[in-house]
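1. Give me coordinates for this.
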Amino acid sequence: MNGELVELIDRIRNDVQNVLDLSNAQVERLLARLATLESRLSGLNGPVGGAAEAVKENRTQLAQIIREGRATGSDVDAASDSANNSADNVDGGR
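-> Predicted structure coming up:
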């Protein structure tokens, strides 16, 4: 009986560690993407000399940033779903 309990605890520990490792990797990827978005937002041109050109360039950059933001949002949703599914798997779907 004691051996079975130790085996069960080890299996749960491994399952939880796998979930944590996967979640950590997903969070690191999301943080890297958010840092990229922040950097791109910081790089927008100010409307000083050549305001029309700056606005045009900013619009192009903003369109790309919005696309990346939406993709990052989708990744956040997928990571959340994955974490929830993993948690359900670990606890037996209760």
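2. for the protein, which spans come out with low pLDDT?
-> 45-50, 91-94 (pLDDT under 70).
3. and the residue minimising distance to the centre of it, what is it in contact with?
-> The residue lying closest to the centre of the chain (CA atoms, centre = their mean) is Leu30, at 3.0 Å. Neighbour list for Leu30: 72, 75-76, 79 [criterion: CB atoms under 8 Å, 6 or more residues apart in numbering]. All C-beta spots, glycine's among them, are computed from the backbone N, C-alpha and C.
4. Gln64 too?
-> Arg40.
5. switch to 10 Å and redo it
-> Shown in contact with Gln64 (CB atoms under 10 Å, 6 or more residues apart in numbering): 37, 40.
6. Isn't Ala87 up against Asn18?
-> No: in this structure Ala87 lies outside contact range of Asn18 using CB atoms under 10 Å: 11.7 Å.
7. how far away is Ala25 from Leu34?
-> Using CB to CB, to the nearest Å, we find Ala25 at a distance of 15 Å from Leu34.
8. typo on my end, it should be Ala54
-> Applying CB to CB to Ala54 and Leu34 gives a distance of 25 Å.
9. Distance of Thr72 relative to Leu22?
-> 18 Å.
10. repeat for Arg40
-> If you go by CB to CB, the gap between Arg40 and Leu22 works out to 27 Å.
11. what do you get for Asn58?
-> 37 Å.
12. Between Thr72 and Leu22, tell me which one has more neighbours.
-> Counting neighbours by other CB atoms under 10 Å for Thr72 and for Leu22 shows that Thr72 has the greater number, 17 against 14.
13. these two touch, right, that one and Arg40?
-> No: under the criterion of CB under 10 Å, Thr72 makes no contact with Arg40, lying 11.7 Å away.
14. Give me the neighbour count for Leu5.
-> 9.
15. Let me know the helix or strand that the residue nearest to the centre of the chain is in.
-> helix 2-42 (DSSP states H and E).
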